[in-house]
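Peer 1: starting from these lines, generate the structure:
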Amino acid sequence: MARLPATLTRPPSRQTGRGDRWGPGAPGPRRPAPPPTRGGGPPRRPGPPPGPPPRARRAPAPPDPRRRLRIGRLLLVVLLLVAAGKLVEVQAIDAGSLANDAAKQRMTRLVVPAERGAILDRNGTPLAFSVEAKALVANPRRISADWSKPEVRAVPGTPTPDQRKAQIAQGMATILHADPLALFQELTSDRAYVVLAPLVDPTAARTITTQFPEIASEDRESRQYPAGDVGGSVVGSASWSLDKGRVRGNVGLESAQDATLAGSDGYRIVDTAEGSDAVIPGSTRAEQPAQAGRDVVLTLDADLQYTVQDKLSAYVARTGAKDGSAVVLDAKTGQVLSLANSAAGGAPAPGDAAVTTPFEPGSVNKVVTFAGALEAGLIRPEDVLTVPGSIKVADRTINDAWVHGPVPMTMNGVLGKSSNVGTLMTAQRLGPDRFAQMLGDLGVGTTTGVELPGESAGSVPPRADWSGSTFGNLPIGQGLSMTTLQMASIYQAVANGGVRVPPRVISATVGPDGVRTPTPPPPGVRAMSPQTAQTLRQMLQSVTQEAKSPNQGTGAKAAMDGYPVAGKTGTAQQVDPGCGCYAKSTYWITFAGMFPADDPRYVVALMLDAPPGGDSAAPLFHDIGTYLAAHGNVPVSTAPPRVVPLQLP
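Peer 2: Alright, predicted model coming up:
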């Protein structure tokens, strides 16, 4: 059987379909015959015909350079607008604040310390003044860190941090004559700031900081006291204050007059180099000069002060007293010429005991009773009073210091022999009201207003609280208290014709320009008439008169050759704290007086605290008065000593 042609192997329907594409009756394109199958089987069925050939892609259009240029221009405009806005903000809106901030970063305010004023005695002798000094400081931590750096340790022979600190301590000790161990202990502490030497001479400080760069110096002011302890309890002390950055008063007038002495600090506003405290030359922007403090001129006499301190301390030591104080006043002006205490030895103390520590004055206070009686016209010096050995006042019996029966005494004798009984008899005639009035006029129970800190007013029982026995104590100087300065002020009124001028220790201040401004004197207070004061001075001479018994006064050892002395001794029982009662063997010993009695130049008040033997303070008055007479060139009196009868036969 003949094989059919290859072209006719598909069904007619498939051929017809192809004929549609190529036209009716047109033969389609010839396809290659499928390869024969293995094994001679029928040929594989052909796959689908291939699709139309892919169309060629159109090449993309090249980018438009004008579009890129427009975008770039737009971005540039935006950036320029932002920059312009920031420029306007910096140069116009925030220009002032930014300039101020920048100036603050480079400006430094430097304090220009004011020079502290000096303290001078009445003759211009310096008692306190300031000198330039340096404080030597270090940072122990920084020294350890610097000398532990690898590059430092790599150098052969380099000391360890502790070895370097030991070198510094030894070098400083040699220059400053200090303890090297103490310096080394400070340098080896774990602190960032230590003061190795607070007050060092600038030359020595410069030598040390040059030799040891690890040590820095800071400006200080050193307060000097060339007279040592002379007047120290009045002058006080001052020292450098780290908080204030200047010298500040601690005690005494250095503290009380700190505002006057300190002055006012100034300042300089300068530019400093970046990262440094170095001042750029010529960069001062503003400055205010410091206003130096004023000098304070005292009423004290340094030579007299030294002598009174010396004599007081020696007498206290000789008598075995616990303490003592002395005050010397100008009789006319009330100015304090000397104010001394033995316990402190004149060294600075929180307060001057002659001003801060009251005591019961004893018979020294009898002058109040006699001033009141004379002022009231109740007595005359030559009046005779029969004085018994004791007197009963309310529930108390008061005796004289010596045993006696009724004896006729002149009023001079009652005062000169210090009769408690005769004084109380006179006080009863005066009455408590007039006595209280005289106490107030003489300043008892009130402060004097002296410029020293811590002044005590003493104490006087309020008049409304007086009982019958109160008036048995006060006229003889028990049951009230006063300071040595107050006691001196009472006698200053008697010496000054009855006018009490409150005591003062500052006579003037002197400004930086050298202009002296006197301190206005306080107004005087008339306590008694001139005639009463004159008569009282005459009566007080009977206390110091030297005569045969029974006409010798209790203070005869206060008498001075060539100078009539008017004064009064005092002995007051101290209170026993154990029982709250008066002790039988512990006393305050006092003396207050003036000379020359007819026209006094000086008033001296003395107090001894509990001398075991009850020694009188009259000899100490004699010693101080003798020096005063020579020091003050007081003319010697040619009149014979005054002697009046104290006790009649």
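Peer 1: what is the longest helix anywhere in the chain packed up against?
Peer 2: Across the chain, the longest stretch assigned as helix under DSSP state H is helix 65-88. When contacts are defined as 3 or more CB pairs under 8 Å, 6 or more residues apart in numbering; DSSP states H and E, helix 65-88 packs onto no helix or strand at all. In this view, the C-beta of every residue, glycine as well, is placed from N, C-alpha and C.
Peer 1: shift numbering so it begins at 375
Peer 2: With 375 as the first residue, the last one maps to helix 439-462.
Peer 1: so for that helix, mean pLDDT?
Peer 2: When pLDDT is averaged over helix 439-462, the result is 80.
Peer 1: same question for stretch 536-546.
Peer 2: What stretch 536-546 shows for mean pLDDT is 96.
Peer 1: cool, and stretch 553-569?
Peer 2: Stretch 553-569 comes out with an average pLDDT of 95.
Peer 1: likewise stretch 884-892?
Peer 2: On average, stretch 884-892 scores 96.
Peer 1: next, the distance between the ends of it.
Peer 2: End-to-end span of stretch 884-892 (CA to CA, to the nearest Å): 9 Å.
Peer 1: next, the buried residues of it.
Peer 2: Neighbour counts using 16 or more other CB atoms under 10 Å place V884 of stretch 884-892 among the buried residues.
Peer 1: can you tell me what sits against that stretch?
Peer 2: For stretch 884-892, contacts defined as CB atoms under 8 Å, 6 or more residues apart in numbering pick out 489, 491, 637, 665-666, 668-669, 671, 881-883.
Peer 1: could you rerun that using 6 Å?
Peer 2: Residues outside stretch 884-892 that contact it (CB atoms under 6 Å, 6 or more residues apart in numbering): 666, 668-669, 882-883.
Peer 1: so which residues of the stretch 625-774 of the chain form helices?
Peer 2: 626-630, 632-636, 676-693, 727-730, 740-749 (DSSP state H, counting those that start in this stretch).
Peer 1: kindly report the same for the stretch 875-1023 of the chain.
Peer 2: Under the criterion DSSP H, counting those that start in this stretch, the stretch 875-1023 of the chain contains helices at 904-918, 992-1005.
Peer 1: need the winner for burial among these.
Peer 2: Greatest average neighbour count among those goes to helix 904-918 (a mean of 22), per mean count of other CB atoms under 10 Å.
Peer 1: and the pLDDT for Q662?
Peer 2: What the model reports for Q662 is a pLDDT of 87.
Peer 1: quickly list what the nearest residue to it once chain neighbours are set aside is bridged to.
Peer 2: In space, and not counting its chain neighbours, Q662 is closest to G640: 4.6 Å by CB to CB, 6 or more residues apart in numbering. As for beta bridges, G640 partners with V486 under DSSP bridges.
Peer 1: I'd say G640 and A660 touch.
Peer 2: No. In this structure, G640 is not within contact of A660 by CB atoms under 6 Å, at 10.8 Å.
Peer 1: and these two? Which one has more around it.
Peer 2: G640 (16 against 10; other CB atoms under 10 Å).
Peer 1: contacts only, for the more buried one.
Peer 2: Shown in contact with G640 (CB under 6 Å, 6+ apart): 486, 662-664.
Peer 1: just to revisit the earlier point, same list (the helices of the stretch 625-774 of the chain) but as TSV, adding mean pLDDT and mean neighbour count.
Peer 2: Listed next are the helices of the stretch 625-774 of the chain as TSV, based on pLDDT from 0 to 100; neighbours: other CB atoms under 10 Å:
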stretch	mean pLDDT	mean neighbour count
helix 626-630	95	23
helix 632-636	96	19
helix 676-693	96	20
helix 727-730	94	25
helix 740-749	98	26
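Peer 1: turn those into TSV, including distance to V949.
Peer 2: As requested, these are arranged in TSV below (distance: least, CB to CB, whole Å):
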stretch	distance to V949
helix 626-630	29
helix 632-636	37
helix 676-693	21
helix 727-730	18
helix 740-749	20
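Peer 1: among those, which is nearest V702?
Peer 2: Smallest distance to V702 across those (CB to CB): 6.3 Å, for helix 676-693.
Peer 1: what angle separates the closest one from helix 992-1005?
Peer 2: Counting by axes from the mean of the first three to the mean of the last three CA atoms, to 10 degrees, helix 676-693 points 160 degrees away from the direction of helix 992-1005.
Peer 1: convert the C-alpha atoms of helix 676-693 to PDB, please.
Peer 2: C-alpha atoms of helix 676-693 as PDB (Å, rounded to 0.1, in the frame of the first residue of the first chain):
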ATOM      1  CA  ALA A 676      50.400 102.400 124.500                       C
ATOM      2  CA  ASP A 677      53.200 103.200 127.000                       C
ATOM      3  CA  LEU A 678      50.700 103.600 129.900                       C
ATOM      4  CA  GLN A 679      48.900 100.500 128.800                       C
ATOM      5  CA  TYR A 680      52.100  98.400 128.900                       C
ATOM      6  CA  THR A 681      52.900  99.700 132.400                       C
ATOM      7  CA  VAL A 682      49.400  99.100 133.800                       C
ATOM      8  CA  GLN A 683      49.300  95.600 132.400                       C
ATOM      9  CA  ASP A 684      52.700  94.900 133.800                       C
ATOM     10  CA  LYS A 685      52.000  96.200 137.300                       C
ATOM     11  CA  LEU A 686      48.600  94.600 137.500                       C
ATOM     12  CA  SER A 687      49.900  91.200 136.500                       C
ATOM     13  CA  ALA A 688      52.700  91.400 139.000                       C
ATOM     14  CA  TYR A 689      50.400  92.500 141.800                       C
ATOM     15  CA  VAL A 690      47.900  89.700 141.100                       C
ATOM     16  CA  ALA A 691      50.700  87.200 141.100                       C
ATOM     17  CA  ARG A 692      52.100  88.500 144.300                       C
ATOM     18  CA  THR A 693      48.700  88.500 146.200                       C
END
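Peer 1: and that helix, what does it pack against?
Peer 2: Packed against helix 676-693, as judged by 3 or more CB pairs under 6 Å, 6 or more residues apart in numbering; DSSP states H and E, are the following elements: strand 697-704, strand 710-715, helix 992-1005.
Peer 1: so which of these gets nearest V781?
Peer 2: Short answer: helix 992-1005, nearest of the helices and strands packed on helix 676-693 by CB to CB, at 23.2 Å.
Peer 1: and the closest one with strand 710-715, angle?
Peer 2: Inter-element angle recorded for helix 992-1005 and strand 710-715: 140 degrees (by the same axes, to 10 degrees).
Peer 1: pull the residues that contact helix 992-1005.
Peer 2: So helix 992-1005 is contacted by 681-682, 685, 689, 929, 931-932, 934, 937, 965, 967, 969, 976, 978, 980 (CB under 6 Å, 6+ apart).
Peer 1: widest-spaced pair of these?
Peer 2: It's T681 and G929 that sit farthest apart of these, by CB to CB, at 21.2 Å.
Peer 1: how much space between P780 and G796?
Peer 2: Computed as CB to CB, to the nearest Å, the P780 to G796 distance reads 11 Å.
Peer 1: more neighbours: which of those two?
Peer 2: It is G796, of P780 and G796, that has more neighbours when counted by other CB under 10 Å, with 25 against 10.
Peer 1: was I right to think the more buried one contacts V788?
Peer 2: Yes. Taking CB under 6 Å as the definition, G796 is a contact partner of V788 at 3.5 Å.
Peer 1: how far off centre is stretch 924-940?
Peer 2: Computed by CA atoms, centre = their mean, to the nearest Å, the chain-centroid distance of stretch 924-940 equals 46 Å.
Peer 1: go on, stretch 514-529?
Peer 2: Computed by CA atoms, centre = their mean, the chain-centroid distance of stretch 514-529 equals 41 Å.
Peer 1: for stretch 491-500, same thing?
Peer 2: For stretch 491-500 - counting by CA atoms, centre = their mean - the centre lies 20 Å from the chain centre.
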